[in-house]
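Chemist: Here is a sequence together with a model predicted from it:
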Amino acid sequence: YLKLTHALLIGGESMSDQRDALTRGVDVLIATPGRLLDMFERGLVLLTDAKYLVIDEADRMLDMGFIPDVERIVGLLPRNRQTLFFSATLLPEIRRLADQFLQDPKEISVSRPASVATTIAERLVLVAEHDKREALRRMIRTEEVQNALIFCNRKRDVDVLNRSLLRHKFSVGALHGDLAQSVRFATLERFKAGELKLLVCSDVAARGLDIGGLSHVFNFDVPHHAEDYVHRIGRTGRAGLEGHAFTIATPDDRYAVGQIEKLIGHAIPQIPVEGLDPVDWAEEEGGGRRRRGRASGGAPKRATDRRRAAAKPAAKPDAAEAPKPERKPREASRPARARRPAEEAPVTPAPPRERRREEDLGPAVVGFGDEVPAFMLVQARPARAARPAQGEGEP
């Protein structure tokens with residue numbers, strides 16, 4: 001092993017300890033972009049003598065908006081350096097960044113991005129949006145789950161799902177980027193030790209996890225990128241062991257599922273969930289959440305709603321053939337309301353100003369009218385005559 005000193009600069013940890021490590025001097029600096037820039041602005045880091053730059057998880061940095069910070073860090077480094085650029089996916093945006101940061105790079109591809117291990121049994125569960133949590137709980141109870149990762153697309157959903165599973169007495173923990181590093185490390189150690197059976201996590205937090213003997217992976221949300229599906233389920237079925245991957249989808253996820261199946265080259269077998277109403281891809285076609293406002297104004301009927309409507313008794317023929325009362329024009333009904341006797345309507349609303357001439361309401365009231373307060377009827381004293389100036393009126 002090399003005699004190299006190193007320091008770790010990440011958010012959520014004590015800055016004083018990290019400052020002390022930098023003061024002693026380090027050979028290798030591992031840092032997040034934001035904390036590295038913070039230390040640089042405080043004058044604690046000098047980057048003018050850096051010889052190597054390693055950019056890891058470039059695709060995740062792109063998704064999280066860290067690329068502007070990375071670009072600024074690259075501008076602070078000397079041009080005469082070696083840069084290593086790692087990414088799990090090679091999207092067009094990633095290639096643009098590689099062309100920006102690298103000069104005449106050599107590309108090394110470890111494996112095809114669409115490869116799925118043959119030891120993984122994939123299953124797709126199609127349910128309504130409001131049944132997703134119930135479907136997950138039923139599958140966890142019915143499957144022989146030794147330990148499982150449950151993936152959500154958003155950090156907020158990780159916390160929400162974790163609390164929901166805790167309320168239903170599941171052994172579960174949460175893992176996402178907003179948690180302190182010490183909390184993430186402790187949660188991961190409890191999961192590896194078997195103290196936690198389930199771990200709800202985001203894609204970023206789960207990057208780099210190597211958990212031996214993972215039996216199940218549950219996609220509570222269909223991933224936004226098809227490549228992420230391969231990375232998620234690739235954490236099970238390793239070392240020749242059998243793994244199980246379940247993806248919970250709704251009719252709104254039809255396009256995303258199609259992209260995944262196109263990438264992996266085969267359709268994911270669909271299975272029902274016992275006790276939940278079955279749905280199909282056409283349930284909300286043309287009337288999903290994004291297009292519902294453009295339709296006729298109502299939400300699409302689910303399968304249960306259609307069955308309930310079919311089970312209702314038919315209306316009686318007499319009631320169906322009863323003629324509806326003829327609706328009179330609005331203009332014709334107005335004079336009738338105006339001629340209604342006073343005893344039928346004890347409170348008569350004031351007529352509009354523009355109709356005063358058409359109705360006999362008397363002259364318009366000016367000021368207080370006849371109801372003038374007594375103190376205002378006191379006659380004002382006459383003004384005194386101005387005294388003539390001296391010299392005026394003299395012959």
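Modeler: It's in.
Chemist: how does this structure divide up, domain by domain?
Modeler: 6-101, 120-292 (automatic domain parsing).
Chemist: Ile108 is nearest to which of those?
Modeler: domain 6-101 (9.8 Å; Cβ to Cβ). All C-beta spots, glycine's among them, are computed from the backbone N, C-alpha and C.
Chemist: for the stretch 51-200 of the chain, what spans make up the strands?
Modeler: 52-55, 82-85, 120-126, 148-151, 172-175, 198-201 (DSSP state E, counting those that start in this stretch).
Chemist: Do me a favour and average the pLDDT over the third one.
Modeler: Read it as strand 120-126. For strand 120-126, mean pLDDT rounds to 96.
Chemist: How about stretch 61-75?
Modeler: 85.
Chemist: Stretch 257-276 too?
Modeler: 93.
Chemist: now the end-to-end length of it.
Modeler: 21 Å (Cα to Cα, to the nearest Å).
Chemist: any residues touching it, and which ones?
Modeler: 113-114, 116, 122-127, 131, 134-135, 138-139, 142, 222-223, 226-227, 229-230, 247, 249, 278 (Cβ atoms under 8 Å, 6 or more residues apart in numbering).
Chemist: on that earlier part again, determine which stretch of the domains of the chain is the most buried.
Modeler: Of all the domains of the chain, domain 120-292 has the most neighbours on average by mean count of other Cβ atoms under 10 Å, namely a mean of 17.
Chemist: so who does the closest residue in space to Asp221 that isn't next to it in sequence touch?
Modeler: Of all residues not flanking Asp221 in the chain, Asn153 sits nearest, at 4.2 Å (Cβ to Cβ, 6 or more residues apart in numbering). Asn153 is in contact with 202-203, 221, 223-224, counting by Cβ under 8 Å, 6+ apart.
Chemist: what's across from the residue nearest to Lys132 when sequence neighbours are not counted in the sheet?
Modeler: Using Cβ to Cβ, 6+ apart and skipping residues adjacent in sequence, the residue nearest Lys132 is Ile248, 5.4 Å away. The partner list for Ile248 in beta bridges (DSSP bridges) reads Val125.
Chemist: so the helix or strand where Ile260 lies versus strand 120-126, what angle?
Modeler: Assessed by DSSP states H and E, Ile260 sits inside helix 254-264. Angle, helix 254-264 to strand 120-126, by axes from the mean of the first three to the mean of the last three Cα atoms, to 10 degrees: 160 degrees.
Chemist: Flag the shaky bits of the protein, pLDDT-wise.
Modeler: Counting by pLDDT under 70, the ranges of the chain that qualify are 1, 111-114, 205, 208, 283-395.
Chemist: distance of the residue nearest to Asp221 from Val200?
Modeler: Using Cβ to Cβ, to the nearest Å, Asn153 is found at 12 Å from Val200.
Chemist: dump the residue contacts of Leu124.
Modeler: 246-247, 249, 257, 268-271.
Chemist: again, only this time at 6 Å
Modeler: Counting by Cβ atoms under 6 Å, 6 or more residues apart in numbering, Leu124 makes contact with 247, 268, 270.
Chemist: cool, and Ala256?
Modeler: So Ala256 contacts Val222 (Cβ under 6 Å, 6+ apart).
Chemist: And for Asp131?
Modeler: Asp131 touches Leu276, counting by Cβ under 6 Å, 6+ apart.
Chemist: Look up how far Leu46 lies from it.
Modeler: Asp131 is 57 Å from Leu46, by Cβ to Cβ.
Chemist: Ok, His266 next?
Modeler: 53 Å.
Chemist: Then Thr23?
Modeler: Thr23 is 12 Å from Leu46, by Cβ to Cβ.
Chemist: Please tell me how far the closest residue to Glu13 other than its chain neighbours sits from Pro68.
Modeler: Nearest non-adjacent residue to Glu13, counting by Cβ to Cβ, 6+ apart: Gln181, 5.5 Å away. According to Cβ to Cβ, Gln181 and Pro68 sit 23 Å apart.
Chemist: how about the helices in the stretch 151-300 of the chain?
Modeler: 155-167, 181-192, 203-206, 226-233, 254-264 (DSSP state H, counting those that start in this stretch).
Chemist: So for Leu4, which of those sits nearest?
Modeler: helix 181-192 (21.7 Å).
Chemist: Contacts for the closest one, please.
Modeler: 10, 12-13, 173, 175, 196, 199.
Chemist: Take those residues and lay them out in a markdown table including distance to Arg35.
Modeler: Formatted as a markdown table, the contacts of helix 181-192 follow (distance: Cβ to Cβ, whole Å):
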| residue | distance to Arg35 |
| --- | --- |
| Ile10 | 6 |
| Gly12 | 9 |
| Glu13 | 9 |
| Gly173 | 25 |
| Leu175 | 20 |
| Leu196 | 28 |
| Leu199 | 26 |
